[in-house]
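**Q** sequence-free structure coming up:
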Ligand SMILES: [Zn+2]
């Protein structure tokens, strides 16, 4: 375990323990969330060191959920359908900013979005992932060579027109180093699309420590609009648009219901996910947010 003494965004030492959360997915262990009194950033603290976090990814959710045939497979089937549907939407959004060029899907996981981009023929696409299992899976399933995360440092400066990170940044140990790398490799006219769970959402407040968006200890950071914007601006970027990830709300709520061992989690999750989305029509605090980011 490693304990952060300073806020990773603003370096303040004024940290308070806010919420204790259980790892429902892999270990059953409990982790504390620390809040920075200065910039409101919420993060898992203490957290497993980079050298030790691998074992917390040893679960169906992260390793082989595409092949899961039991238990929560119904939920995964819905998730897969929604994901396939949303790929087209994401590509349309990206092309409003950059019509074509070189696109990196950073944290490409099982490669579904990467495959959608390749199939669209608009971009020269590369996938990057930290997991050897994911890299092998994408090779076997789609035939694409995915680069390991260590290759990021070899990426030429200003070489990418688009960088996408779908629920990835909250997993990155060396957050400021990663941001500096992104700053270097993104073309001056390029655009980043970064989706993260929103810890200010209605469903986060409703489910509290059972909220699936916390997903400790794999999620090291629990962004809200304020803390995300502060991180981005610290590294010379600006947020140009904030969009909802509307399909995430029912999914996150269903999983949160499962964590509570509630009956009919699919129906309750769909209901409370819808409540969260309706509330967010007014507050703009959607369950997950997609930030469109460019150089300052
Ligand atoms: Zn702070």
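**A** Sure, I can see it. Only a predicted model underlies this, so the values are computations on that prediction, with no experimental measurement involved.
**Q** confidence score at residue 58?
**A** Looking at residue 58, its pLDDT reads 83.
**Q** ok, now residue 227?
**A** At residue 227, pLDDT is 95.
**Q** what about it, neighbour count?
**A** Counted with other C-beta atoms under 10 Å, the neighbours of residue 227 add up to 25. All C-beta spots, glycine's among them, are computed from the backbone N, C-alpha and C.
**Q** The chain: helices as residue ranges?
**A** 60-63, 73-97, 112-120, 132-142, 175-185, 202-207, 225-234, 248-259, 265-283 (DSSP state H).
**Q** Please identify the deepest-packed of these.
**A** Ranked by mean neighbour count, these are led by helix 248-259 with a mean of 25 (mean count of other C-beta atoms under 10 Å).
**Q** ok now that one, how far from the chain's centre?
**A** Relative to its chain's centre, helix 248-259 lies at 15 Å (C-alpha atoms, centre = their mean, to the nearest Å).
**Q** relative to helix 73-97, how tilted is that helix?
**A** Using axes from the mean of the first three to the mean of the last three C-alpha atoms, to 10 degrees, the direction of helix 248-259 lies 150 degrees away from that of helix 73-97.
**Q** Please enumerate residues in contact with helix 248-259?
**A** Residues from elsewhere that reach helix 248-259 (C-beta atoms under 8 Å, 6 or more residues apart in numbering): 22, 24, 72, 75, 78-79, 82, 195, 197, 201, 203, 207, 210-213, 265-266, 268-274, 276-277, 280, 286-288.
**Q** quick one: residue 225 from the ion, how far?
**A** Separation of residue 225 from the ion (C-beta to the ion, to the nearest Å): 15 Å.
**Q** ugh, typo on my part, it should be residue 98
**A** When residue 98 is compared with the ion (using C-beta to the ion), they lie 32 Å apart.
**Q** which residues does that residue contact?
**A** The neighbours of residue 98, taking C-beta under 8 Å, 6+ apart as the test, are 161-162, 189-191.
**Q** which ones are touching residue 107?
**A** Per C-beta under 8 Å, 6+ apart, neighbours of residue 107: 128-130, 165-168, 171.
**Q** Just give me the closest of those residues to residue 90.
**A** Taking C-beta to C-beta as the measure, residue 90 lies nearest residue 166 of the contacts of residue 107, at 8.0 Å.
**Q** Next up, the contacts around the residue nearest to that closest one when sequence neighbours are not counted.
**A** Spatial nearest neighbour of residue 166, chain neighbours left out: residue 195 (4.9 Å); criterion: C-beta to C-beta, 6 or more residues apart in numbering. With contacts defined as C-beta under 8 Å, 6+ apart, the neighbours of residue 195 are 165-167, 245, 248, 288-291.
**Q** Okay then, goodbye and thanks.
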